[in-house]
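*Asks:* Fold the following, please.
(chains A and B)
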Amino acid sequence: DGGITQSPKYLFRKEGQNVTLSCEQNLNHDAMYWYRQDPGQGLRLIYYSQIVNDFQKGDIAEGYSVSREKKESFPLTVTSAQKNPTAFYLCASCGTGPQHFGDGTRLSIL
Amino acid sequence: AQSVTQPDIHITVSEGASLELRCNYSYGATPYLFWYVQSPGQGLQLLLKYFSGDTLVQGIKGFEAEFKRSQSSFNLRKPSVHWSDAAEYFCAVGDTGNQFYFGTGTSLTVIP
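*Replies:* Numbers count the residues shown, from 1 in each chain, chains lettered A, B, ... in the order given. Purely as a prediction, here's the structure:
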């Protein structure tokens, strides 16, 4: 079955540490997105990519970085510059229709 | 600028009762409209979508939504709610450039 796979499901970060969240899709979608979800705030866009080797900042890109070296993959790195990284992170992709979402990664601080 | 408003943060309904979740949007052209559902700790699942044509769209799990251009609304409805419908519901607008804008969500509680 086609879909989006996010890993790991749970992730813990130590102070000063960078961590990378994985997002892989086999839907042959060109566009991929990263969202951050906090209680009561809905989804906030971190980064998005419309095509391989190109990506744009979303509304809350500070403290995050991405790469898009392959169509199938769009990893998100939460850097030590992100002072409040505890949240639920969702990856999505789309072709010509609606977005499809992964099951999310919950990131917490140790 | 595009935006989506879900006026109700939280709604409680009795099992078997009807449900309507409100969604208003601001968008210059004809929007692409979506409703998603999210269970705790899960991703978002698409319930239904409107691109064009019939303004009453049917979705999965017995949900439907009606696009009303004059009111800039896309309200989600279900005639009889089941306990398993308890979840967070998100309305979203998409444009032709694959940009999407989400409301802040409505949390649904179903009481027996």
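*Asks:* which bits of chain A sit near chain B?
*Replies:* The interface of chain A toward chain B, taken as Cβ under 8 Å from any Cβ of the partner chain, is made up of A:4, A:6, A:31, A:33, A:40-43, A:50, A:88, A:90, A:92, A:94, A:97-104, A:106. For glycine as for every other residue, the C-beta is placed from the backbone atoms N, C-alpha and C.
*Asks:* ok, residue B:27 - contacts?
*Replies:* B:2, B:72, B:93, B:95 (Cβ atoms under 8 Å, 6 or more residues apart in numbering or on different chains).
*Asks:* re the thing from before, any of the residues of chain A next to chain B buried? List them.
*Replies:* Among those, those scoring as buried are A:4, A:6, A:31, A:33, A:42-43, A:50, A:88, A:90, A:92, A:94, A:98-104 (criterion: 16 or more other Cβ atoms under 10 Å in any protein chain shown).
*Asks:* does the residue positioned nearest the centre of chain B have beta-bridge partners, and which?
*Replies:* Nearest residue to the geometric centre of chain B (Cα atoms, centre = their mean): residue B:35, 3.6 Å. For residue B:35, the beta-bridge partners are residue B:48, residue B:91 (DSSP bridges).
*Asks:* Using PDB, write down the CA coordinates of stretch A:52-69.
*Replies:* Output in PDB follows, covering the C-alpha atoms of stretch A:52-69 (Å, rounded to 0.1, in the frame of the first residue of the first chain):
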ATOM      1  CA  VAL A  52      13.600  17.600  -5.400                       C
ATOM      2  CA  ASN A  53      16.500  19.800  -4.400                       C
ATOM      3  CA  ASP A  54      14.300  22.700  -3.600                       C
ATOM      4  CA  PHE A  55      12.500  23.700  -0.400                       C
ATOM      5  CA  GLN A  56      11.000  26.800   1.200                       C
ATOM      6  CA  LYS A  57      10.600  28.100   4.800                       C
ATOM      7  CA  GLY A  58       7.200  28.000   6.300                       C
ATOM      8  CA  ASP A  59       5.800  30.100   9.100                       C
ATOM      9  CA  ILE A  60       8.000  28.700  11.900                       C
ATOM     10  CA  ALA A  61      11.300  27.600  10.200                       C
ATOM     11  CA  GLU A  62      13.700  29.000  12.800                       C
ATOM     12  CA  GLY A  63      15.600  26.200  14.600                       C
ATOM     13  CA  TYR A  64      14.800  23.600  11.900                       C
ATOM     14  CA  SER A  65      16.500  22.400   8.700                       C
ATOM     15  CA  VAL A  66      15.500  20.100   5.900                       C
ATOM     16  CA  SER A  67      16.900  18.500   2.800                       C
ATOM     17  CA  ARG A  68      15.200  17.000  -0.300                       C
ATOM     18  CA  GLU A  69      17.800  14.900  -2.100                       C
END
